[in-house]
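J.: Model the structure of this input:
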Amino acid sequence: MKEIISKAEEKMKKTISVFKSDLSTMKAGRANPTMLDRIEVEYYGSMCPLSQVANISAPEPRILVIQPWEKTILKDVEKAILKSDLGITPSSDGNIIRLVVPELTEETRKILVKKVKKTGEDAKVAIRSVRRDGNDKIKALKKDGDYSEDEIKKSEDEMQKKTDAYIKEVDSIIAEKEKEIMSV
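T.: Predicted coordinates:
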């Protein structure tokens, strides 16, 4: 039974880390190299993450500088950025690409906060799903007759406590990101 609970907790931790990485790719009015994590560039016939073919830095709060390791892929990097859902037009000087992250309007901030909350809700659903699967496995042990009612109930309570803790963590991450987005 302990094994079922620890596996469920592992999955819940994984859900939290995926949630955090999803949030890090959302632009919040500040230039952050992780905004480009989902962008892939064609490099010698295969798709590679941008971070593997270029150096990405944020020299100023609203500017990202991308320096491809090979000048020959500069145009491919620009195309990949334009195709992405970033909504930022790259400007190139032939050696490096600059991305100026626009200041967020009040309306854009509210839309972003809604997106954060939706992503958070998805994470909570995933955590609850892990709990349900774990409880189903615990109940299956009850049918086998290997464990007493008290042991089953205790395990289900422990599973619920872990679930509550992770849901609370998601809520605090949402609140933190919302505060970050709404601060001007």
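J.: From now on I want contacts and neighbour counts done on CA atoms only, so please keep to that.
T.: OK.
J.: Residue 116 versus the residue nearest the centre of the chain, what's the distance?
T.: Centrality entry for the chain: nearest residue to the mean C-alpha point is residue 22, 1.8 Å, by C-alpha atoms, centre = their mean. Residue 22 sits at a distance of 9 Å from residue 116 (criterion: C-alpha to C-alpha, to the nearest Å).
J.: so what's the closest residue to residue 89 other than its chain neighbours up against?
T.: Using C-alpha to C-alpha, 6 or more residues apart in numbering and skipping residues adjacent in sequence, the residue nearest residue 89 is residue 82, 6.4 Å away. With contacts defined as C-alpha atoms under 8 Å, 6 or more residues apart in numbering, the neighbours of residue 82 are 88-90.
J.: ok, now residue 116?
T.: Shown here is residue 116, whose contacts under the criterion C-alpha under 8 Å, 6+ apart are 23, 174, 177-178.
J.: CSV for those residues, including neighbour count, distance to residue 168 and secondary structure?
T.: Below are those laid out as CSV (neighbours: other C-alpha atoms under 10 Å; distance: C-alpha to C-alpha, whole Å; DSSP: H, G, I helix; E, B strand; the rest coil):
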residue, neighbour count, distance to residue 168, secondary structure
23, 20, 17, helix
174, 22, 10, helix
177, 21, 14, helix
178, 19, 15, helix
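J.: if we can go back for a sec, just the element for the residue nearest to the centre of the chain, please.
T.: Under the criterion DSSP states H and E, the helix or strand holding residue 22 is helix 2-24.
J.: Check residue 138 too.
T.: For residue 138, the secondary-structure element it belongs to, assigned by DSSP H and E, is helix 106-144.
J.: Buried ones in that helix, by neighbour count?
T.: Applying a neighbour-count criterion of 16 or more other C-alpha atoms under 10 Å, the buried positions in helix 106-144 are 109, 112-113, 116-117, 119-121, 123-124, 126-128, 130-132, 134-135, 138-139, 142.
J.: ok, now stretch 72-79?
T.: For stretch 72-79, the neighbour count (16+ other C-alpha under 10 Å) marks 73-74, 76-78 as buried.
J.: Tell me the one among those residues nearest to residue 10.
T.: Using C-alpha to C-alpha, residue 77 comes nearest to residue 10 of these, at 36.3 Å.
J.: related to what we said a few turns ago, which of the helices or strands spans the residue nearest to residue 89?
T.: When secondary structure is defined by DSSP H and E, residue 82 falls within helix 74-83.
J.: State the mean pLDDT of that helix.
T.: For helix 74-83, mean pLDDT is 87.
J.: and after that helix, which helix or strand comes next?
T.: Proceeding N to C from helix 74-83, the next assigned helix or strand is strand 91-92, under DSSP H and E.
J.: Alright, I will stop here.
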